[in-house]
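Novice: Please work out how this folds:
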Amino acid sequence: MDFRLTPRFGYICFFTLFFTVTEIMAGDEIWIHTNPLAVAFGDSLVVNCSTTCAAKAIIMEGIKSTHSKYGDQWKTISSSSIQSWSIVVSCFVRCSSEDGNTKKKMVAVFNRELKITSPPEALEVNKTYSLECIGPRVYPNNKLILTWLRGSEIVQRVSTGETGSPDEDKRLWNVFNFTASGSDDGQEYTCLAEVDLGSNTTKPITNSSVTLQTYYKPRNTILLANNETISESPIHFSNGDNIILICDSQGNPQPTLKWDYPKKCSNIVINPPGVLHISDTTTENNGIYKCTASNELGADEKKVDIRVKDKTAIKAAVSVSVVAAFVLTTGVIIYYLKQNAQKTGEYKLRNAKPNNNPQIPNEDQNQ
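Specialist: Got it, this is the predicted structure:
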């Protein structure tokens with residue numbers, strides 16, 4: 001029997017063996033894990049390299065190791081203080097074959113030096129200002145993300161596509177331009193620095209905040225009468241009532257409050273500013289009372305019409321109303337009797353008697 005291989009069959013065997021070996025080698029995977037995923041300059045770093053094969057050798061490079069541990073399929077090295085801005089960890093693994101495989105991983109290095117430049121102490125509404133944020137040093141440069149937040153809302157985020165050089169301290173800037181509004185008074189803006197870890201994951205490394213103060217003219221001025229908000233005008237009081245009018249307004253700088261009223265009376269006192277007292281009111285206190293809130297940016301005002309009624313006049317009006325009602329009732333009764341008498345041919349006025357209860361008279365009353 002001839003066991004010689006034909007050339008075609010020999011090629012087939014060769015390529016089958018080649019791809020089989022390649023598949024086995026490719027199956028021996030290597031993983032590199034670091035803790036932390038991004039390291040601050042001067043902090044410690046732990047690097048672990050592991051593989052799926054029973055390795056004959058695992059060689060790690062890239063950091064100055066102070067401690068190391070190893071097993072059949074892994075090795076761990078650590079550095080107590082990272083003193084380089086360029087960290088590229090390599091792991092060489094040799095399994096059963098003579099040749100080995102190498103895997104590399106870059107670790108981002110950063111510091112926490114972040115600086116923000118805030119606008120003036122107080123902003124004027126409707127004017128444009130800038131908030132500047134200079135980020136920390138990060139290498140590679142494209143791993144840094146700088147974000148401005150208004151409260152918890154993201155208003156501007158920047159990054160760079162350049163890797164940069166580990167020997168160059170090149171900082172990222174984020175300049176946010178905005179127009180000041182009244183709602184910015186007391187509003188906190190924060191610049192947040194993060195390191196991009198990949199796979200849509202970031203690591204916050206530092207932040208800094210500034211709280212804004214805005215100047216705006218008086219607004220939302222309100223009036224209260226005896227601790228109740230005035231929603232309509234005029235408002236009515238009785239003679240002898242005590243009235244406390246309170247004026248309040250929002251503004252920065254704090255508005256000055258001024259009262260104007262129709263007549264200077266001895267029973268009107270303003271103390272403290274914005275609070276007007278009217279004691280034992282009379283009709284002389286009737287009129288328009290105006291509160292003006294003002295600062296250097298403008299003014300706002302509110303008015304209320306005060307009406308005081310004299311109790312004596314009220315009593316007289318009630319008496320007149322009662323008499324009028326009595327006369328009207330009597331007239332209606334007489335008119336009814338007259339109409340009824342004309343129908344029967346008899347009418348005797350002397351038999352008509354006033355009836356305080358306006359109801360239809362009975363037959364006895366018509367006879």
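
Novice: going forward, measure contacts between C-alpha atoms and count neighbours the same way
Specialist: Will do.

Novice: Any stretches of this protein with poor pLDDT?
Specialist: For the chain, applying pLDDT under 70 flags the ranges 1-27, 97-98, 311-327, 341-367.

Novice: which residue ends up closest to the midpoint of it in space?
Specialist: Nearest to the mean C-alpha position of the chain, by CA atoms, centre = their mean, lies Gly151 at 5.7 Å.

Novice: how far away is the closest residue to that residue other than its chain neighbours from Arg150?
Specialist: Distances taken as CA to CA, 6 or more residues apart in numbering put Glu188 closest to Gly151, at 5.6 Å, once the chain neighbours are dropped. Counting by CA to CA, to the nearest Å, the gap between Glu188 and Arg150 amounts to 6 Å.

Novice: just the strands in the stretch 251-367 of the chain please.
Specialist: Ranges of strands in the stretch 251-367 of the chain, per DSSP state E, counting those that start in this stretch, are 256-260, 268-270, 275-278, 287-295, 298-309.

Novice: so Ile116 makes contact with Ile134?
Specialist: Yes. Between Ile116 and Ile134 there is a contact at 6.2 Å, judged by CA atoms under 8 Å.

Novice: ok, now how distant is the nearest residue to Thr128 once chain neighbours are set aside from Ala40?
Specialist: Spatial nearest neighbour of Thr128, excluding adjacent residues (CA to CA, 6+ apart): Thr179 at 4.3 Å. With distances taken as CA to CA, Thr179 is found 36 Å from Ala40.

Novice: Of these two, which one has the most company?
Specialist: Ala40 (20 against 13; other CA atoms under 10 Å).

Novice: And for the residue lying closest to that one once chain neighbours are set aside, the neighbour number?
Specialist: Closest residue to Ala40 apart from its sequence neighbours, by CA to CA, 6+ apart: Phe110 at 4.8 Å. When neighbours are defined as other CA under 10 Å, Phe110 has 24 of them.

Novice: ok, Phe110 - contacts?
Specialist: 38-41, 85, 136-139 (CA atoms under 8 Å, 6 or more residues apart in numbering).

Novice: And these, which is closest to Asn285?
Specialist: Pro136 (67.8 Å; CA to CA).

Novice: What count of nearby residues applies to the closest one?
Specialist: Residues near Pro136, counting by other CA under 10 Å: 24.

Novice: Quickly find the element holding it.
Specialist: Counting by DSSP states H and E, no helix or strand carries Pro136.

Novice: okay but it is in contact with Lys170, surely?
Specialist: No. Counting by CA under 8 Å, Pro136 does not reach Lys170; the two are 9.1 Å apart.

Novice: how about the helices in the stretch 1-150 of the chain?
Specialist: Taking DSSP state H, counting those that start in this stretch, the helices of the stretch 1-150 of the chain run over residues 7-27.

Novice: ignore the last one, the stretch 151-300 of the chain
Specialist: Using DSSP H, counting those that start in this stretch, the stretch 151-300 of the chain contains no helices.

Novice: Quick check: the gap between the nearest residue to Val89 once chain neighbours are set aside and Gln83.
Specialist: Leaving aside its sequence neighbours, Val89 sits nearest to Gly62 (CA to CA, 6+ apart; 4.3 Å). Gly62 is 12 Å from Gln83, where distance means CA to CA.
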